Structure formats: C-alpha cells, structure tokens
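Undergrad: got a structure for you, letters missing:
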Ligand SMILES: Nc1ncnc2c1ncn2[C@@H]1O[C@H](COP(=O)(O)OP(=O)(O)OP(=O)(O)O)[C@@H](O)[C@H]1O
Ligand SMILES: C[C@H](N)[C@H](N)CCCCCC(=O)O
Ligand SMILES: [Mg+2]
C-alpha cells in the first residue's frame, strides 16, 4: 500500500506543490476531500474545478484526480465555510485507490466540523501522515507542535517533508527532537513546472521512503 495523507504546519505552506510532486513520484491518484476558497465554475467541466488544488495537481502531473467530497466557496476553515454555505460536511471515507495521495485542508488541527479536527479524521483513516513544513525561522516550534498534535490523536506519522531553502540545522533539529524522519526537502522552484517539480522530487526524495 502506498497511501499517504499530506498535512502541514499551516495553510499556504506548500502542501499542494509537494503533494503534486509526490503524486508524480509514486504514479499515484490524488484526492482533496475538502476544498475551500473555490467558486463553482458553473456546469461542471470534465475535470477539476479551476483554481482548486486538484486542478494544480492535474496540471503538474496529469495524474488521476478523485473528485472532492465537497467544494466550498469561502476561503475559510471547512467548518466555517460549510456553515456559511448552509451545508454539512459529507462522509469523508478515502477512495480505495492505491497509490493515493490525500491532501488535507490547511494545518493539522483545522476543524472539519466543530466536533472533528483534521487530525482526528487522519487517525480514523489510519493512513500514514506526511507533515509538510517550511525550513526557515519559526519552523521548529510549528513542526514540533504539529507532531505532538498528530501523535496525541494517534495519527500514524510517516515523516516530515520540508519545503524551502536548505537549512541543515533546522532539519536535523526537528528530526532529532521530533523523533521523526526527515523525508527530504523540496526547494522553492522558479519556474515551477511539471519538469522542474518532477526533477526536484527525484533529486530530493527517495520513492523507497514511501514504499
Ligand atoms: N516548492 C515550491 N516552489 C515554488 N512555489 C511554491 C512551492 N511550494 C509552494 N509554492 C507556492 O506557494 C503558494 C502556496 O503553496 P500551496 O498551494 O502548495 O500551499 P498549501 O499548503 O497547499 O495551501 P492550502 O492550505 O490552501 O492547501 C503557491 O503559490 C505555490 O505555487
Ligand atoms: C482557504 C485556505 N486556502 C485553505 N483551503 C483552508 C485553510 C484553513 C485554515 C484554518 C486556520 O488554521 O485558521
Ligand atoms: Mg493546498
């Protein structure tokens, strides 16, 4: 089985870019169960909604995209975006695809509902969790805090994937104090293209670490 949940130390930190890279590296399918901040494009096109994380992953990899369980227009936490849309979050049982890369919304404790946080869902799934973290100042506390939150909820922590400029001591410190595998580091790519992302993933990550 090669099924992984991609979560992060927060929102906007690089989960989708890393998830796209991992999806390509593993020849996996991709699933974003709850997407917020994306407006309905009208009659659903044959494919991911423009502006969604799934649309980015598909553009970067051409990978099979499994439809979101729910897409909400407000760029907010799922619990609040659903309330404002007047809907309830549906059942979020992962598809059976394998290999499969699942991307969470925002950081590890983002509320899916007012009763269930993202990490609670990941624990229920029992799928290994990859925590995406930045490399610069501030990441040590953010990452160790996220790891404690995941473990307190019995999530299966697979390792940390870093995004950003190299920072060997921050990475080593997090690995040691967090008792966690540093899986690799994805540099900030410019340009960010299917080719540069694929090359960077092959250079900085080992598929065997996800076997
Ligand atoms: N390795 C990278 N190289 C270049 N740009 C990057 C990289 N990682 C992230 N970015 C850019 O940073 C921004 C945020 O990245 P991304 O969308 O992956 O964040 P996210 O954690 O998935 O956010 P969300 O919580 O909304 O899902 C995007 O504009 C993305 O293109
Ligand atoms: C809108 C954003 N891009 C994500 N989809 C959702 C992020 C929720 C963050 C909630 C929080 O931690 O305050
Ligand atoms: Mg994302």
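TA: It's in. Not measured: the values here are computed from a predicted model. Ligands and ions are numbered 1, 2, ... in the order given.
Undergrad: okay, CA-based contacts and neighbour counts for the rest of this
TA: OK.
Undergrad: how about the residues of this protein near ligand 2?
TA: Contact residues, the chain versus ligand 2 (CA under 6 Å from any ligand atom): 11, 35, 36, 37, 75, 76, 77, 105, 106, 107, 110.
Undergrad: from these, which would you call buried?
TA: Among the residues of the chain next to ligand 2, those scoring as buried are 35, 36, 37, 76, 77, 105, 106, 107, 110 (criterion: 16 or more other CA atoms under 10 Å).
Undergrad: quick check: pLDDT value at residue 31.
TA: With respect to pLDDT, residue 31 scores 98.
Undergrad: what's the distance between it and residue 54?
TA: 7 Å (CA to CA, to the nearest Å).
Undergrad: identify the contacts common to the two.
TA: Common contacts of residue 31 and residue 54 (CA atoms under 8 Å, 6 or more residues apart in numbering): residue 65.
Undergrad: just so I have it, where are all the helices in this structure?
TA: 15-26, 53-61, 78-85, 118-125, 139-152, 168-177, 194-204 (DSSP state H).
Undergrad: identify each buried residue in the last one, please.
TA: In terms of neighbour count (16+ other CA under 10 Å), helix 194-204 has its buried residues at 194, 197, 198, 200, 201.
Undergrad: OK, contacts around the fourth one?
TA: With contacts taken as CA under 8 Å, 6+ apart, residue 200 has the following neighbours: 186, 187.
Undergrad: hmm, residue 163 is touching residue 131, no?
TA: No. Between residue 163 and residue 131 there is no contact under CA atoms under 8 Å: 10.6 Å.
Undergrad: show me what from this structure comes close to ligand 1.
TA: 11-17, 105-106, 163, 186-189, 192.
Undergrad: understood, closing this out.
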